[in-house]
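Asker: Have a look; sequence and predicted model below, questions after that.
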Amino acid sequence: MCSLILCFPSAVYAGLASPLSVSNQSPLVQIHGLPAMGRALLLPDGQLESELSIDVTSHFIRQQHGSETLLLDGESYRYALRFAYGCGDRLEIGLELPYLRHTAGQLDSFIDDWHDVFSLPTAGRENVPVDQLLFFYERSGMQDLALTQTSEGLGDLRLNAAWQLQDESGAGTTAIALHGSLKLPTGESEKLTGSGGLDVALWLSAARQRRVSWGNLTLLGSLGLLALGDGDVLRGQQRSLVGFGGLGFALQPWQRVRLQIQADFHSSFYDQSHLRGVDSASLQLATGGALTFGKADELELAVVEDLSSDTAPDVVFHAAWRHRF
């Protein structure tokens, strides 16, 4: 019975796989306009897609070098409502409105137990209070960041557009799209729900699919640049240009099931620092996939971890529900 359900055709989400919609959730990074990889095959003319996502993030980075100290200890919850609409044969437009909450959270004990069971390094978690919120950065005697109380609010609104450069999806092979986004400073930098600056991103996304013996295998990739406006967080250290991209694989053994693994990277957002948590390129790994329900709904799930230590959060639990009209 389960096999029949899984193999029953899905009219809407068939075709080339989309990448996992994840990005670096560090409190010093997620305030900027760093986009997710973005799909290579855009929506057809007249189709509307809505998405509601949540990213639950556990932070712990503690570093010190000379007069410089960084401590990121706490949890963040990012809820995002996104809409995308296909206009004509090649254009897709959309917007994304996030809501963020930084708090002490409740995941520390679970993560400590996980580290104990698998004998994983703790990076000093055992030396700080459990379930505290402290985002702190000091350099040369100046406190540039000090968040100790729960903060929440609307994040920075993003306006998105994409243009289909190549589409061989009818043959089930290749698609390439050019994406652009504009992040408006609608959040509050004091609460770390926004950067205080206007950011512009431009990037390419591509997908190449082939049929293998165990299903459809898709190679996914993206590469782009992010131009940062004058923000209010670590103002004197913020860079003006950031490179980013990603590479992933998606395996679809059944029509309604997709399994994925994906690596995302970006260059440093800040300079003038000896700390990896501030001035370093980042690399993170996401594993998960998606399940399709009915004719128009898809649930995406993923767990994201840092591959380059102290450049991204310890762990992020990601979920997104999409519906196409």
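Answerer: Looks like it came in fine.

Asker: count of neighbours near residue 230?
Answerer: Applying other Cβ atoms under 10 Å, we find 12 residues neighbouring residue 230. Any C-beta I mention is one placed from the backbone N, CA and C, and that applies to glycine too.

Asker: so which strand or helix has it?
Answerer: For residue 230, there is no enclosing helix or strand under DSSP states H and E.

Asker: State whether it and residue 197 are indeed in contact, as I suppose.
Answerer: Yes - using Cβ atoms under 8 Å, residue 230 is in contact with residue 197, at 5.2 Å.

Asker: Now the common contact residues for the two.
Answerer: residue 238 (Cβ atoms under 8 Å, 6 or more residues apart in numbering).

Asker: What segments of the stretch 1-150 of the chain are strands?
Answerer: 48-65, 68-87, 91-103, 134-139, 142-147 (DSSP state E, counting those that start in this stretch).

Asker: Spell out which strands sit alongside the last one in the sheet and which way each one runs.
Answerer: Translated: strand 142-147. Strand pairing for strand 142-147, determined by DSSP bridges: strand 134-139 (antiparallel).

Asker: Could you tell me how far the strand it pairs with lies from the centre of the chain?
Answerer: 23 Å (Cα atoms, centre = their mean, to the nearest Å).

Asker: do stretch 46-59 as well
Answerer: For stretch 46-59 - counting by Cα atoms, centre = their mean - the centre lies 10 Å from the chain centre.

Asker: ok, which stretches of the stretch 151-300 of the chain are helices?
Answerer: Applying DSSP state H, counting those that start in this stretch to the stretch 151-300 of the chain gives no helices.

Asker: Could I get the full set of strands for it?
Answerer: According to DSSP E, counting those that start in this stretch, the strands that the stretch 151-300 of the chain contains are 151-154, 158-167, 174-183, 199-212, 215-227, 241-254, 257-266, 282-293, 297-306.

Asker: next one: the last one to chain centre, how far?
Answerer: Just to be clear, that refers to strand 297-306. How far strand 297-306 lies from its chain's middle: 10 Å, per Cα atoms, centre = their mean.

Asker: strands paired with the helix or strand just after it, and their directions?
Answerer: As assigned by DSSP H and E, the chain's next helix or strand after strand 297-306 is strand 315-324. Each strand paired with strand 315-324, and its direction, by DSSP bridges: strand 48-65 (antiparallel), strand 297-306 (antiparallel).

Asker: Identify the residues contacting strand 315-324?
Answerer: Contacts to strand 315-324, defined as Cβ under 8 Å, 6+ apart, come from residues 12-13, 20-22, 25, 43, 47-58, 111, 286, 288, 296-305.

Asker: so what's the nearest residue to residue 243 once chain neighbours are set aside up against?
Answerer: In space, residue 243 comes closest to residue 267 once its chain neighbours are excluded; the distance is 4.5 Å by Cβ to Cβ, 6 or more residues apart in numbering. For residue 267, the contact set (Cβ under 8 Å, 6+ apart) comprises 239, 242, 243, 244, 281.

Asker: what's the closest of those to residue 167?
Answerer: Lowest distance from residue 167 to these (Cβ to Cβ) belongs to residue 244, with 23.9 Å.

Asker: Beta-bridge partners for the residue lying closest to that closest one once chain neighbours are set aside, please?
Answerer: Using Cβ to Cβ, 6+ apart and skipping the chain neighbours, the partner closest in space to residue 244 is residue 266 (3.9 Å). Taking DSSP bridges as the rule, residue 266 bridges to residue 244, residue 282.

Asker: was I right about residue 266 contacting residue 243?
Answerer: Yes - Residue 266 lies in contact with residue 243 (Cβ under 8 Å); the separation is 6.6 Å.

Asker: Now the common contact residues for those two.
Answerer: With Cβ under 8 Å, 6+ apart as the test, residue 266 and residue 243 both reach residue 226.

Asker: Comparing these two, which shows the higher neighbour count?
Answerer: Higher neighbour count among residue 266 and residue 243: residue 266, with 23 against 14, using other Cβ under 10 Å.

Asker: and that one, what is it in contact with?
Answerer: 24, 29, 34, 226, 242, 243, 244, 245, 281, 282 are the contacts of residue 266 under Cβ under 8 Å, 6+ apart.

Asker: Same question for residue 162.
Answerer: With Cβ under 8 Å, 6+ apart, residue 162 has these contacts: 38, 42, 91, 92, 177, 178, 179, 180.

Asker: beta partners of it?
Answerer: residue 92, residue 179.

Asker: same thing with residue 223?
Answerer: residue 204, residue 245.

Asker: Could you list the low-confidence segments of the stretch 51-200 of the chain?
Answerer: Within the stretch 51-200 of the chain, the stretches with pLDDT under 70 are 105, 107-131, 169-172.
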